[in-house]
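Visitor: Make a model of this:
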Amino acid sequence: MTDNTTVTAGDLQALERSLERQAQAIIDARTNDQARGLSARTFIVCDFEYRFRRSAHEAWAYGREPEYDDRGNVKPPKLRWPFHDIAAASWIVLRFTNGSDVPEIEAPQVWSLEESDETPIVQAFFEAIEDAGSTAQLVTWGGEVRDLAVLRYQACRLGLRLPLQLRSTSPHARERIDLCRSVAVQADAVHLDEYAAGAGIPAKPSPPRSIGKLVEQGQWEAVADHVLADVLTSAVIALRWLAATGEIECNVEASEMAIASAALAAFPQSPFLQRDFTIWARDRLRAAGMGGTIYRMAETVS
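Guide: Okay, here's the model as predicted:
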């Protein structure tokens, strides 16, 4: 096999300049951290559910040679992310400030196709990111695998401008934290509910594989509760991970109760909050020897 690759002096110079820029960005970011204190941090935890554009996928798949499994059966073509529309989105903003061991919390948001088209959903999420500030970090569970690809795709498709946190295509971009990647490192990646079950955190009121059917059946209350639950579970995992790695300082149990209280105030009819999450957070707080509910919800403008 012949190797036709040629590395020129220009290529090496370009690589050197790229590495210098990356190093300077890391130095600048660390300087900013030291200037504002490690505990002065903002995080936007988000999650999404999807509806499949089956007609577009069928048009693409028409006439293609079928694939077969090990038993010789035809494998149906997989509907991958270019054929996904955002059917529901949820996010919550956590602000950790110096001198407080509980974050300020903006009321969590849940949007779905029940009350809105896709464009306003994506616009609202992008605006929330920009309102959180350029130093806010976007937190997902496995977002680098699909969610962020869909968001970038929809921004191109709908003619929207990507916020700063979504522009870098590096899976290790400083503007984002993928908890699935972070907690696993080189171990096997696991599902959100799998990790949560092992950690004793409530998760997913509906079976994960049923969510696509719930969307197609228009069961929007169940879809909304599911996407909200994913955000709350991810927020708790983020709290624990960030505290363990020294990125923030907080009272974890009081912060978990703060998240539950803010979510319940915004969505008092949520079955997941009523049945599982709020009771769990209250029990955690009591077990830690703290009898009261401690939280602050930042005022937001609709």
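Visitor: got the residue ranges for the helices in the chain?
Guide: Residue ranges of the helices in the chain, as given by DSSP state H, are 9-36, 54-61, 118-132, 147-158, 179-184, 192-199, 211-216, 220-244, 252-266, 271-272, 278-287.
Visitor: For residue 103, find the nearest of those.
Guide: With distances scored as CB to CB, the stretch of these nearest to residue 103 is helix 252-266 (5.9 Å). Placement of C-beta: from N, CA and C, glycine included.
Visitor: buried set for that closest one?
Guide: 252-264, 266 (16 or more other CB atoms under 10 Å).
Visitor: Return the member of the residues you listed nearest to residue 157.
Guide: For residue 157, the closest of the buried residues of helix 252-266 turns out to be residue 266, at 29.7 Å, with distances computed as CB to CB.
Visitor: got a list of what the closest one touches?
Guide: Taking CB atoms under 8 Å, 6 or more residues apart in numbering, we find residue 266 in contact with 107, 108.
Visitor: The residue nearest to residue 155 when sequence neighbours are not counted: how many residues sit nearby?
Guide: Excluding its sequence neighbours, the residue lying closest to residue 155 (CB to CB, 6 or more residues apart in numbering) is residue 162, at 5.0 Å. The number of residues packed near residue 162 is 14, by other CB atoms under 10 Å.
Visitor: pretty sure residue 162 contacts residue 154?
Guide: No. Applying CB atoms under 8 Å, one finds residue 162 not in contact with residue 154, separated by 10.0 Å.
Visitor: residues contacting residue 93?
Guide: By CB under 8 Å, 6+ apart, the contact list for residue 93 reads 42, 43, 44, 105, 106, 128, 132, 136, 298.
Visitor: quick one: the second one and residue 135 touch, right?
Guide: Meaning residue 43. No. Taking CB under 8 Å as the contact criterion, residue 43 and residue 135 are not neighbours in contact, 10.4 Å apart.
Visitor: who's more crowded, the two?
Guide: residue 43 (23 against 16).
Visitor: pLDDT score assigned to that one?
Guide: Looking at residue 43, its pLDDT reads 98.
Visitor: Relative to residue 138, how far out is it?
Guide: Relative to residue 138, residue 43 is positioned 8 Å away (CB to CB, to the nearest Å).
Visitor: Between these two, which contacts overlap?
Guide: Jointly contacting residue 43 and residue 138 under the rule CB under 8 Å, 6+ apart are residue 177.
Visitor: thinking again about what came up before, now the buried residues of helix 252-266 as JSON lines including distance to residue 288 and pLDDT?
Guide: Supplementary listing: the buried residues of helix 252-266 in JSON lines, determined by distance: CB to CB, whole Å; pLDDT from 0 to 100:
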{"residue": "252", "distance to residue 288": "8", "pLDDT": "96"}
{"residue": "253", "distance to residue 288": "4", "pLDDT": "96"}
{"residue": "254", "distance to residue 288": "8", "pLDDT": "96"}
{"residue": "255", "distance to residue 288": "11", "pLDDT": "97"}
{"residue": "256", "distance to residue 288": "10", "pLDDT": "97"}
{"residue": "257", "distance to residue 288": "9", "pLDDT": "97"}
{"residue": "258", "distance to residue 288": "13", "pLDDT": "97"}
{"residue": "259", "distance to residue 288": "15", "pLDDT": "97"}
{"residue": "260", "distance to residue 288": "14", "pLDDT": "97"}
{"residue": "261", "distance to residue 288": "15", "pLDDT": "97"}
{"residue": "262", "distance to residue 288": "19", "pLDDT": "97"}
{"residue": "263", "distance to residue 288": "19", "pLDDT": "98"}
{"residue": "264", "distance to residue 288": "19", "pLDDT": "97"}
{"residue": "266", "distance to residue 288": "24", "pLDDT": "97"}
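Visitor: Okay, and the beta partners of the one residue sitting closest to the centre of the chain?
Guide: When the chain is reduced to its mean C-alpha position, the nearest residue by CA atoms, centre = their mean turns out to be residue 140, at 2.3 Å. Beta bridges link residue 140 to residue 178 when assigned by DSSP bridges.
Visitor: does it really touch residue 149, like I thought?
Guide: No. Residue 140 lies out of contact with residue 149 (CB under 8 Å); the separation is 11.6 Å.
Visitor: Give the full set of residues in contact with the residue nearest to the centre of the chain.
Guide: Applying CB under 8 Å, 6+ apart, the residues contacting residue 140 are 45, 46, 47, 147, 148, 176, 177, 178, 179, 180, 234.
Visitor: Let me know the distance separating the nearest residue to the fourth one once chain neighbours are set aside from residue 283.
Guide: Once its chain neighbours are removed from consideration, residue 147 has its nearest residue in residue 48; the separation is 5.3 Å (CB to CB, 6+ apart). Counting by CB to CB, the gap between residue 48 and residue 283 amounts to 30 Å.
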